Structures are given as C-alpha cells and as structure tokens.
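S.K.: just a sequence and a predicted model for now, questions to come.
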Amino acid sequence: MSTAGLRGRAQVWLLMIVTVAVAAVVLTALAVLGGRSLPERTGPPVEELAVERVVLSPGTIELTLRNTGPDPVQVAQISVNDVYVAFTGATEPLSRLADETVRLDYPWSAGQPYTVSMLTSTGAVVEHEIPVAVQTPSADAGLLALMVLLGTYVGIIPVAVGMAFLPVLRRARPAVIRGLLALTVGLLGFLAVDASLEGLELAELSGGAFGGPVLVVLGAVLAFLLLTAVDRFLKSRRDRGEAGPDGGRLALMIAIGIGLHNLGEGLAIGSAYAVGELALGTALVVGFALHNTTEGLAIVAPIAHHRPSVLRLLMLGLVAGGPAIVGASVGASVNDAALAAVLFGVGVGAIVQVIVQLVPSLRDQAGKVLDPTVAGGMSAGLVIMYTTGLLVAG
C-alpha cells in the first residue's frame, strides 16, 4: 500500500477514535447531570420480587429472591400458609437485579401445597406457590452420576441407534434420500417450535429481570449468526479442497443443531427432576429413546452415499447426543430459569440455521422444493416428533 493510502487510513481511524471519545464524554455528562435536572418520581415505590429457586430440606425452605423492579426491596416478614415464620437472610434491601437467599424455619410435609407470602417494608405482599412440597435432591456426586446416566440414555444411545441406519440408507434411491432429508426438516421444525415454547415459558418464570422472552430471541439470533459463520468457514475450506464433501459439512451442522437442542432438553430434564416434577423410569427412557432416535437418522441422511470413518461417526454422535449429559447435570444443580431460556433460544437458532442449510438439498431435478416426496417427508417428520413427544410430555 502506498504512503498516501496509509496516511488516509490513519486519518480515518483517528477520526473514528475522536468521534467515539466525544460521544462517550457527552453520554457520561448526560447520565451524571441529566438525572439531577429532572424532578424526582412521585407515588409509591415499585417493588417486584421473583422467586428463582426453591430448595426444600427437612424443616427448612430456602428461597432465592431477585429484585426485578426499579426500586430497592426490603423483606420485612414472611408467612407460610398465613403463618408467620422466622427466617434468615435478606437483612439489607435488595437493589435492582440483586439476588438473595432466605432460609425459612418451617416443618413442611411432603406432598402438601404451600403459599409463601413475603411482606415488604412498605406493606406490599409478594406470593409464591409451592404446588407440591418434595425434598430437593442434593447436588452431590450421586446426583451427577445419575444425570450422566440419564443423559446417556436419552441423548447418546438414541442418536447412535438412529445413525445405525446408515448402511440401509446407502442402498436407497435418491428419491428416498430426498424424502429422508425432508423428514429431517420436519422433525427439526417441530423441535424448533417445541424449544421456542419451552424457552418462552421458562423466560416468564425468570420474572423478566433480564428481559424475559427477549432472552429466547437473543439466544436464537446469536446462535444462528454464529453457526452461519461456522458454516461459511467450513464451506470455504471445502472449496479449497481441504475438507470433505458437502454432505459431511451438512451432517456436522445437523449434529451441532441437534446437540444444542439436546443441551436445552437435558437442562429441562435435570431441572424438572431437581424440583420433584419428573419421575425417572422406564417410560421416560423409552419415550426419549423413541423421540431422539430420528435425530440420529437425520444426521446420517446427508452422508448416505459417502463412506465416513467410524471415528467421524462417533464424533457426530457425541456432538449431537453428548450435550444432553451436560444439560442434565447443569439443570439438576443450577436451576436458573433465565439461563435455561437463553439455552433453549440457542437451540432454536441452531435448528433454524440447519433448516436453511437443508432446503437446497430438497430440490428435485426441475428445481422444485415442495413436491409430493418432500411434502410427505416433512409431514411424516412432524407427526413422528409429535407422537413420540407425547410419551415424554409433562
């Protein structure tokens, strides 16, 4: 680059730095001086508390509170089923977005419903319902081992079973492969809708402290953009002849998308078990096995006419199924609704990006996408996921 070009680039950078500095000074002055020039707010303080986590142990109830309102909140008294109880914690007012754990001395009984009412220093009452009291499992090595086992049952093994259909797919005609890819789009579309609904529900439970439903959208957009960048990188390497065929890239993207969905799914499983809303048993394992086996089939469909190594297949299976173990372990020990909402959003964004990658593979020789084969495959994917989802609902 010539000297004049370097001088011009340096001037642009200098102008940018000066502009950013001036903007920062102006905004800082506005933040410091602007508020002082405005009148104070009239009316009562706005006090909002969200109960993010409940831990039940013999004789005690622990509540993790977060201030989701604009004003500080001081918890003055707490009652359980209209009976005031002694508690520890929350000795100072909670500032905005601050959290605190309070410990109630209360001899609760298993299987009974309870209403916890928190009276603030201004007289406002915030209530939280415990529909059925169940002792919270302790986050020890035994619980972690159980979540690893459960994640293996519902994540890795079903995906591996679905991938075992690869030899059968190699003998299938191109029309059958297109139908299977369409089935993949159908099941991924169902997973995207299901994860969106789960994420929005969890976002509401977070109390809106960090944006509520916006968390799901944020996670989805960031995941979509990140995976798009990864896909472009893999595609550029393939174009230079340094990577495998396009089917291998597509299989990897499908595995990543399914893996991020299974991360959120595992998180929901672990969280539900930790609060006593999930009973582990044969029905749960079989239901998730049937539900997730089609995910393995979706991964190997793009590479039906290739011969990937065993190591590559194992890697794809771990990418897709392994996150279920991580999600279950985190969900059982860290019950955070806001985090769960973001992760479900990440799964949604990943799945949408994979669907975008799959659509060109659905075209027939005439360039049409939605022909009877594709429409039937997508419909079958939706029906299969809905039907098997009924086995694990609740």
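M.R.: Okay, I see it.

S.K.: direction included, what does the helix or strand containing Val54 pair up with?
M.R.: Secondary structure assignment for Val54, by DSSP states H and E: strand 49-57. Here strand 49-57 is paired, per DSSP bridges, with strand 60-67 (antiparallel).

S.K.: beta-bridge partners for Val83, please?
M.R.: Beta-bridge pairing for Val83 (DSSP bridges): Val80.

S.K.: and it, how many neighbours?
M.R.: For Val83, the neighbour count with other C-beta atoms under 10 Å is 8. From N, CA and C alone the C-beta is placed, and that goes for glycine too.

S.K.: that one and Arg103: what is the separation?
M.R.: Separation of Val83 from Arg103 (C-beta to C-beta, to the nearest Å): 16 Å.

S.K.: buried ones in the lengthiest helix in the chain?
M.R.: Counting residues, the longest helix in the chain under DSSP state H turns out to be helix 3-37. Across helix 3-37, burial judged by 16 or more other C-beta atoms under 10 Å covers no residue at all.

S.K.: from the chain's centroid, how far away is it?
M.R.: Taking C-alpha atoms, centre = their mean, to the nearest Å, one finds helix 3-37 lying 38 Å from the centre of the chain it belongs to.

S.K.: quick check: mean pLDDT of that helix?
M.R.: Average pLDDT, helix 3-37: 81.

S.K.: I'd like the next helix or strand past the helix or strand bottoming out on mean pLDDT in the chain.
M.R.: In the chain, the helix or strand scored least confidently by mean pLDDT, DSSP states H and E is helix 282-300, which has a mean of 72. Reading on from helix 282-300 to the C-terminus, the next helix or strand found by DSSP H and E is helix 310-333.

S.K.: isn't there a strand covering Met118?
M.R.: Yes - under DSSP: H, G, I helix; E, B strand; the rest coil, Met118 falls within a strand.

S.K.: which non-adjacent residue is nearest Pro44?
M.R.: Once flanking residues are discounted, Pro44 sits nearest to Thr122: 6.8 Å by C-beta to C-beta, 6 or more residues apart in numbering.

S.K.: same question, Ser329
M.R.: Nearest residue to Ser329, sequence neighbours excluded (C-beta to C-beta, 6+ apart): Met147, at 4.5 Å.

S.K.: wait, Pro70 touches Val46, no?
M.R.: Yes - if you go by C-beta atoms under 8 Å, Pro70 and Val46 touch, sitting 5.4 Å apart.

S.K.: show me the contacts for Val85.
M.R.: Neighbouring residues of Val85 by C-beta atoms under 8 Å, 6 or more residues apart in numbering: Ile78, Ser79, Leu104, Asp105, Tyr106.

S.K.: give me the pLDDT value at Pro308.
M.R.: 81.

S.K.: which residues touch the spatially closest residue to it that is not a sequence neighbour?
M.R.: Sequence neighbours aside, Gly248 is the residue nearest to Pro308 in space, at 6.7 Å (criterion: C-beta to C-beta, 6+ apart). For Gly248, the contacting residues are Pro302, Ile303, His306, Pro308, Arg312, by C-beta under 8 Å, 6+ apart.

S.K.: what comes up buried for stretch 215-234?
M.R.: Leu215, Val216, Val217, Leu218, Gly219, Ala220, Ala223, Phe224, Leu227, Asp231, Leu234.

S.K.: dump those to a markdown table, plus pLDDT.
M.R.: As requested, the buried residues of stretch 215-234 are exported to a markdown table (pLDDT from 0 to 100):
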| residue | pLDDT |
| --- | --- |
| Leu215 | 85 |
| Val216 | 86 |
| Val217 | 89 |
| Leu218 | 89 |
| Gly219 | 86 |
| Ala220 | 88 |
| Ala223 | 85 |
| Phe224 | 88 |
| Leu227 | 81 |
| Asp231 | 76 |
| Leu234 | 70 |
